[in-house]
Structure formats: C-alpha cells, structure tokens
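In: Task: produce atomic coordinates for the following.
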Amino acid sequence: MSDTGFEALVIDEAEGGQRAAFQTLTLADLPDHDVTVEIAYSTVNYKDGLAVTGKGRIARRLPMVAGIDLAGTVVESRDPHWQPGDRVLVNGWGLSETEWGGYARFQRLKPEWLTRVPDGFGLDEAMAIGTAGYTAALCVNRLEDWGTLGHDGLPVLVTGAAGGVGSVAVALLAARGHTVAASTGRPETQDYLSALGASSFVSREELSAAGPPLRKERWSGAVDSVGSTTLVSVLAELRRDSAVAACGLAGGADLPGTVMPYILRGVALIGVNSVTETHARREAAWALLDESLDRDKLASMTRTVGLSEVPRIAEDILAGKVRGRVVVRVADGDVS
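Out: Coordinates of the predicted model:
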C-alpha cells in the first residue's frame, strides 16, 4: 500500500479545551493494530457532535481521530478471521474516546472490534444505521425480550423521536407491529415521523415538566434517549411490570425522581450501553435491522455529506437541528 497522505479530522488541545481540525496523516501514523480498513463511510451521532465541537470532553487521550462509527473494506490483515475485501463496520469500542475513529480514509483496528456488514446492506446503509440505529435495535430487542409491549392495548413511547436513535426505533417498532407514540419538541417533524410509523405524538414539554411520581399508565414500554426529567416522566407513566430501555442523556444525566414506579408498579429501567455490548447482542441487533428495517424508510431519514462538512453538522446536531441520520462520505467514488 502507498503511504501517501490522507485527510483526517483530529481532536487535539485548542484554547484551553478540545477541538477537532483537519490534518494530513499517513499509514505510518496509524495505531499498530492487526486489521487495516479503507473507510468508505462514517456518520455523525450526538457524541460525535460533543467530541468535534469540544463541548463535551469525549476524547480521553490526544491527539484523537474523531468518529465513533465506520464502515469500509479490509485492505490488510494479520488476523486469519479477516481477509482483504471483507466488508466490515465498527460501532463503539472506544472509537473517538480512547481509540482512533472513523473520520479518516484509513484506520487500523483490533479484529475483535469488527462486525461483518450484513449482505442486505450497502456500506452507506450500514452507516445510515450507525451507532444510533444499532442502539435503537438493541433497545427494541431488550424490550421485546421483556415481553410487555402492547399489553392492555397501550402504545410504545419513543422519546427524542426525530433524532437518530428515535427515528430508527420508531421505524423498527412500527415494522414489528407495535403501536408507536413519538415524543418530539419539533412539531414540524410529525409528518416525517408518521411516515416512519408513529401513530400519535407527545410534546417534549409535556414530558419534561415536573409531576407526581406516579401518573396514569400510558405506555407498555419505551425507548428513551433523553434522560433527566423526561425519563422520570416516562417511568411515572409506564404500565405495571413494563420497562423503558434508556440509551441517551441529551436532556441531562440526572434522574430527579423517586423509587415509587419501581416498587409500586414493578417497572424496570434497562440501561443500554452500545459501546461495549457483547458480540451476541451486536449480531442480534444487526439481524433485527436486516430483517425489519424498511430500506426506503431508512433512505427517507438519511442525508449524505462530505467529510469537510462534519464540523458544521456537529454544531447542528447539538443545537437540535438534525433530523434523522447523517452519513459522512469519507472515500471518493462508488464505494457502497
């Protein structure tokens, strides 16, 4: 392989904090891991927004190539399980935090981080799903395993529904026959969410307002990416013995509630950590996505940008201006 330079978005110290800027790297700069991947696509998640803008101290060692997701093709491997030409993706595993990530044309990776891209997805579609969609699938699997979705005819609630996790969660749940209520602070996204499968809507303000610890039972389960007072409200309105899968903290990391929903209604708070999830659950999540995610709906929630646009998109996603999923084209040409 030629060791010519390639562009990467690298986080480093800047003005007393962290900030990402474009640098030219070579293959010699990459970590000494066993599998070299030519990256075709990455994506922009909320965590990427925090990392790239420096508004959240995501990178724990510097310099750090940003990007918590990547999809591409193996070009060199010292591991017998991975061969040149294999299509792979990586979600989590510390990318952009402790390990160099996906905002670069090439990356060297540990073999245990890699997941084969299902035959039913292009590399671009794998990143249209990305960590956000994969996390949504983890949540749906955990809730279906819990076994109360749809009980008493109650809908499943998705908070932050117009975001990346929420959009895929709505589409997956609806495709699997569940009635979905979507919570959003952007009324203009209701037509978009209806097209994905939402049948009713709850305002962000309604769920973020303080209220009693137990309220009318409204939901047979929930996917929450917001946290804080919104999650407290969801717990207070869950049907007895049901569960919420919590995977985000866009509204805050605090949980200003009481134990009453847990001990008086027997509800459960299921934490979903997509970063270090087991291979078995990762494979089950991607199998669910391959089986149930409508490709046309995936396309409708996705737009593609170039690597140079990531700093602007990072600001937009933190400001709540991004709807659905953003795919980042890292390579040039036809790489899907």
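In: sec struct for the closest residue to Leu62 other than its chain neighbours, please.
Out: Of all residues not flanking Leu62 in the chain, Asp12 sits nearest, at 5.2 Å (C-beta to C-beta, 6 or more residues apart in numbering). Using the backbone N, CA and C atoms, a C-beta is placed for each residue, glycine as well. For Asp12, the assignment made with DSSP: H, G, I helix; E, B strand; the rest coil gives strand.
In: can you pull the contacts of Asp12?
Out: Applying C-beta atoms under 8 Å, 6 or more residues apart in numbering to Asp12 gives the contacts Gln18, Arg19, Ala20, Ala21, Leu62, Pro63, Met64.
In: which among these gets closest to Glu309?
Out: Set against Glu309, the nearest of the contacts of Asp12 by C-beta to C-beta is Ala20 (12.7 Å).
In: and the closest one, what helix or strand is that in?
Out: In this assignment (DSSP states H and E), Ala20 forms part of strand 17-25.
In: C-terminal to that strand, what's the next element?
Out: Elements were assigned by DSSP H and E; along the chain past strand 17-25, the next helix or strand is strand 35-43.
In: hey, where'd the helices end up in the stretch 151-300 of the chain?
Out: Assigned by DSSP state H, counting those that start in this stretch, the stretch 151-300 of the chain shows helices spanning 164-175, 190-196, 204-208, 228-237, 260-265, 279-292, 295-300.
In: With mean neighbour count and distance to Ala71 as added columns, please give those helices in JSON lines.
Out: Output for these, formatted as JSON lines (neighbours: other C-beta atoms under 10 Å; distance: least, C-beta to C-beta, whole Å):
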{"stretch": "helix 164-175", "mean neighbour count": "29", "distance to Ala71": "15"}
{"stretch": "helix 190-196", "mean neighbour count": "19", "distance to Ala71": "23"}
{"stretch": "helix 204-208", "mean neighbour count": "17", "distance to Ala71": "32"}
{"stretch": "helix 228-237", "mean neighbour count": "23", "distance to Ala71": "31"}
{"stretch": "helix 260-265", "mean neighbour count": "15", "distance to Ala71": "39"}
{"stretch": "helix 279-292", "mean neighbour count": "16", "distance to Ala71": "12"}
{"stretch": "helix 295-300", "mean neighbour count": "14", "distance to Ala71": "14"}
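In: In a markdown table: the ones you listed, plus distance to Arg312 and mean pLDDT.
Out: Shown next, in a markdown table, are the helices of the stretch 151-300 of the chain (distance: least, C-beta to C-beta, whole Å; pLDDT from 0 to 100):
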| stretch | distance to Arg312 | mean pLDDT |
| --- | --- | --- |
| helix 164-175 | 17 | 97 |
| helix 190-196 | 21 | 97 |
| helix 204-208 | 24 | 94 |
| helix 228-237 | 27 | 98 |
| helix 260-265 | 41 | 98 |
| helix 279-292 | 28 | 96 |
| helix 295-300 | 22 | 96 |
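In: Next, format these as CSV and append distance to Asp79.
Out: Below are the helices of the stretch 151-300 of the chain laid out as CSV (distance: least, C-beta to C-beta, whole Å):
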stretch, distance to Asp79
helix 164-175, 30
helix 190-196, 39
helix 204-208, 46
helix 228-237, 40
helix 260-265, 44
helix 279-292, 15
helix 295-300, 31
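In: closest one to Asp145 among those?
Out: Closest to Asp145 of these, according to C-beta to C-beta: helix 279-292, at 9.7 Å.
In: What distance do you get for Leu235 to Leu9?
Out: Remark: distance between Leu235 and Leu9 (C-beta to C-beta, to the nearest Å) = 38 Å.
In: Checking the most centrally placed residue in the chain next. Helix, strand or coil?
Out: In the chain, the residue lying closest to the centroid (C-alpha atoms, centre = their mean) is Ala132, at 1.5 Å. Following three-state DSSP, we place Ala132 in the helix state.
In: got the contact list for it?
Out: Taking C-beta under 8 Å, 6+ apart as the test, what Ala132 contacts is Thr43, Asn45, Tyr46, Gly163, Gly164, Val165, Ser167, Val168, Arg325.
In: So which of the helices of the stretch 151-300 of the chain is nearest Arg57?
Out: Evaluated over the helices of the stretch 151-300 of the chain, closeness to Arg57 peaks at helix 228-237, with 19.6 Å, by C-beta to C-beta.
In: Can you get me a residue count around the spatially closest residue to Leu264 that is not a sequence neighbour?
Out: Excluding the flanking residues, the one nearest Leu264 by C-beta to C-beta, 6+ apart is Leu214, at 6.5 Å. The number of residues packed near Leu214 is 15, by other C-beta atoms under 10 Å.
In: next one: phi and psi at Leu214?
Out: With angles defined as degrees, to the nearest 10, Leu214 sits at phi -130, psi 130.
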